[in-house]
Structure formats: C-alpha cells, structure tokens
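A.B. asks: heads up, no residue letters with this:
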C-alpha cells in the first residue's frame, strides 16, 4: 500500500492564523473535502465523535460528563461535532472560562437541523468560536495550476505586467471539471478519478438529504432538483422557475415550499453554495438585483447531475461553459478566503452583469468575468468590465484594484492595453 502524503492546503495557513486569535475554530464544508485531514495536521489530540467504535460511549459521556470529551492535549480536534450538539456549548464554556486561545478545532459536514438538536445549543459562540469554510481543492492545491499568477499580487500591484503560459488543453480542462477537487480523486489514475464524484452524488441523494435531520426525502426528486440546479448554475433562477423545470418530469404534486426545503437541506450539508449580490455605490440610477446566484460547491456535482463526462463537454461548449463557471467560482472563493475576502455577483436592471466581484476586508475589490476562451469572448468580457467600472462612483468608494478575465483555455496570461488581465485558471493561485 502506498504511503499517504498530505497535500498542502490553502486552509493550512488560515487555520493556523485563526488558532492564534480564537479559542476554537469551526472547520465546516462538504464531506470529503479534506476538513478532518487538514485539521489533523494542527491537532495534538483527536476525538472522532461519529466513529462507530466510540459513538455510544461518546453519547453516554455527553449526558453524564461532557467535559470528559474535551480532555486531551490542545488543540483538541472534535471531528463531526454536530453528532453531539451539546459539544458546542461545552466548548464555548471551556474557552470562556480558561481565557485561552487555540484550544479546540471542530469539524462538521452538516449544520444541525432537527428542532431537538437545535434546542441543545444555547449560545452562539460569538467571540469564542470562529469559522473556517473549506471547499474541494482548487486547481493550485491539486497541482493542476502552475500558480504563476497570484491573486494577491493583482491586488497589491494592479499595474504590473504579467506573463504565464498554460499547458492545459480543452480535453484536460473538461476532465478536471468532471473530476472535481475531491482530495482522494486527485490522487487516482484518470480511469478511476471520476468515480469519486459519482460516489459523492449518490451518497448525497440516497442518504445524506434524509440522514441530516431524520426527514425521509425522495432520492429521485433530489436528483431531479440537482439536475435543474445544474442547468441553472450561474443564474438567479427563482424557486418558481425550478418548479417549472422539474415539473416536466415529476408526476407527483410539487410545490415551492417542498423545493425550498430540499434546497435548504443541500445548503446545510454544503452541496450548494449560492453567491450573494454585491451592492456598490454607482453613478447609474439602475436598480441592483439582489437575488443570490446558484452554484454547487464543486463543478463535478453539476457534471454528474447532468449525466455528462469530459467527452460530452468538449462536444457541448455551452454546457461546458456553465460548469467551468462553477469551477472558476470555487477557485476564486478558495483564493479569496486566504486574502480575507469574499466573492459576490453583480447584476442590475439595465442588464449590466459581472460574474464575480472579489471584495476584501480592507475595502479593495477586483472585477472578474469568466469565459471559456477565444478572442471574441475575451473582447466581450473586457468591454463589460470597462463599462461596469465606468458606472462606479469613485468619489464614494475605491476604484477596482484590477479587472480580470478568467479563462478555461488560452495559452497565455497577460495584461491587455486597456488594463484588463487575461488569466487562464490553470495559471492562478491565491
């Protein structure tokens, strides 16, 4: 058996920083994204709360002496803490009374949903527990980006000339979209790597959507919902729109409340991560659309939901473009978090739209259009970015630090004469 070798994650440095400034760090995100393995690198003792060998013991201790579950060298990792929701208050109390930092790491791939479980959590943890969101691997973390263009450098040196050359072609990008950023998949041969996304999708639709709160949900309906969401990725489709799309193939009665409940569960287990709207100061009087934009946490989920593979995507560039946008957003989110930033979407009543706005805590921001590639699409993206920049009231807020077109294919990363960067996603890092 080959020896396991940990692949460094961008979250490593973030976790280290948060442990030095907070009593407990809650590491949350979809299952199989690497939360436990990353947390194990920093922990000095571990309680695998949901381990079948110890689950009964842990549940008994939770009722008799919950502090016993917290014993051990610090930082102590409490893996899948939500299985015993009382741990939240126990950790908060321990941190509050010891006045220490870096004491606990808690990981969770689901937010407690059941009413009885919620009742077992009495305090928010504000000031004691800070959150770190993990996602599947970015291309830089999986070794599929050369990392020669740094997002941080674009913020710090916005007029700096750049140059890099991507080695990935259309077929290779299509494979990466379908493989996704699941850590285990990045270690497998190509002929096996795609199976991880299928296994994840089946576990979500057959088991997780019901197990998370004990409410039985229809697996077939869940799959239809995820297929509809995959078709509407990168849009602000309403629940009514999803209902109409699903009703074509759903013979049972279907209402908006049912769809909403399914979507809420998928969010709680971090399968869906919608993008909030950005609200800047504008010279324009156009109304800003505030609806969230729909995204899966990883592009491979959309590929599986649609039943497409790499060869299918190469033949259908419209679908490939939709799924590529999900990968681009995933990577931008991973990189932005390392810079103390978030990623937003912009759209107004005049139809002006920007795929991603990376906004940092210090107020700086960058504008990003996401394109498969090709000169005409790049030119269109640059025109959109320049038009959007012109609407921003720079008397009331900063001008954008940079404008970037993030592409799937295209050999070169460079700075255009109009100042817009063109960067293949396989050249980018945080």
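C.D. replies: Looks like it came in fine. Quick caveat, the model's predicted, so the values are computed rather than measured.

A.B. asks: doesn't residue 15 make contact with residue 337?
C.D. replies: No - with contact defined as C-beta atoms under 8 Å, residue 337 does not reach residue 15; the gap is 11.1 Å. Bear in mind the C-beta positions are built from the backbone N, C-alpha and C, glycine included.

A.B. asks: ok, those two, which is more surrounded?
C.D. replies: Legend: neighbour count by other C-beta atoms under 10 Å for residue 337 and residue 15, higher for residue 15 (22 against 19).

A.B. asks: and for residue 182, the neighbour number?
C.D. replies: Neighbour tally, residue 182, other C-beta under 10 Å: 24.

A.B. asks: that one and residue 327: what is the separation?
C.D. replies: Distance check for residue 182 against residue 327: by C-beta to C-beta, to the nearest Å, it reads 13 Å.

A.B. asks: elements contacting the one helix or strand residue 367 maps to?
C.D. replies: Per DSSP states H and E: residue 367 is located in strand 365-371. Judged by 3 or more C-beta pairs under 8 Å, 6 or more residues apart in numbering; DSSP states H and E, strand 365-371 is in contact with helix 151-156, helix 317-338, strand 353-360, helix 375-391, strand 402-407.

A.B. asks: out of those, which gets nearest to residue 284?
C.D. replies: Minimum separation from residue 284 across the helices and strands packed on strand 365-371 (C-beta to C-beta) falls at helix 375-391, 4.5 Å.

A.B. asks: mind listing what's buried along the closest one?
C.D. replies: Within helix 375-391, the residues that qualify as buried are 377-378, 381-382, 384-385, 388-389, 391, counting by 16 or more other C-beta atoms under 10 Å.

A.B. asks: now do stretch 298-318
C.D. replies: 298-306, 308, 310, 313, 317.

A.B. asks: could you tell me the end-to-end distance of that stretch?
C.D. replies: This stretch, stretch 298-318, spans 18 Å end to end (C-alpha to C-alpha, to the nearest Å).

A.B. asks: show me what that stretch is in contact with.
C.D. replies: For stretch 298-318, the external contacting residues (C-beta atoms under 8 Å, 6 or more residues apart in numbering) are 30, 135-136, 170-171, 174-175, 177-182, 194, 196-198, 200-201, 223, 226-227, 229-231, 233, 271, 296, 319-320, 322-324, 326-327, 330, 372.

A.B. asks: quick one: the strands in the stretch 101-250 of the chain?
C.D. replies: Taking DSSP state E, counting those that start in this stretch as the criterion, the stretch 101-250 of the chain carries its strands at 104-108, 129-133, 149-150, 164-165.

A.B. asks: just say which of the ones you listed is most tucked in.
C.D. replies: strand 104-108 (a mean of 26; mean count of other C-beta atoms under 10 Å).

A.B. asks: how about CSV for the helices and strands packed on strand 365-371, with distance to residue 287 and mean pLDDT added?
C.D. replies: Output for the helices and strands packed on strand 365-371, formatted as CSV (distance: least, C-beta to C-beta, whole Å; pLDDT from 0 to 100):
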stretch, distance to residue 287, mean pLDDT
helix 151-156, 29, 96
helix 317-338, 24, 97
strand 353-360, 13, 97
helix 375-391, 13, 96
strand 402-407, 23, 98
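
A.B. asks: could you measure from residue 199 over to residue 304?
C.D. replies: 10 Å.

A.B. asks: and what of residue 240?
C.D. replies: In terms of C-beta to C-beta, residue 240 sits 26 Å off from residue 304.

A.B. asks: what is the burial count for residue 83?
C.D. replies: 20.

A.B. asks: nope, residue 65 is what I meant
C.D. replies: Per other C-beta under 10 Å, the neighbour tally for residue 65 reads 10.
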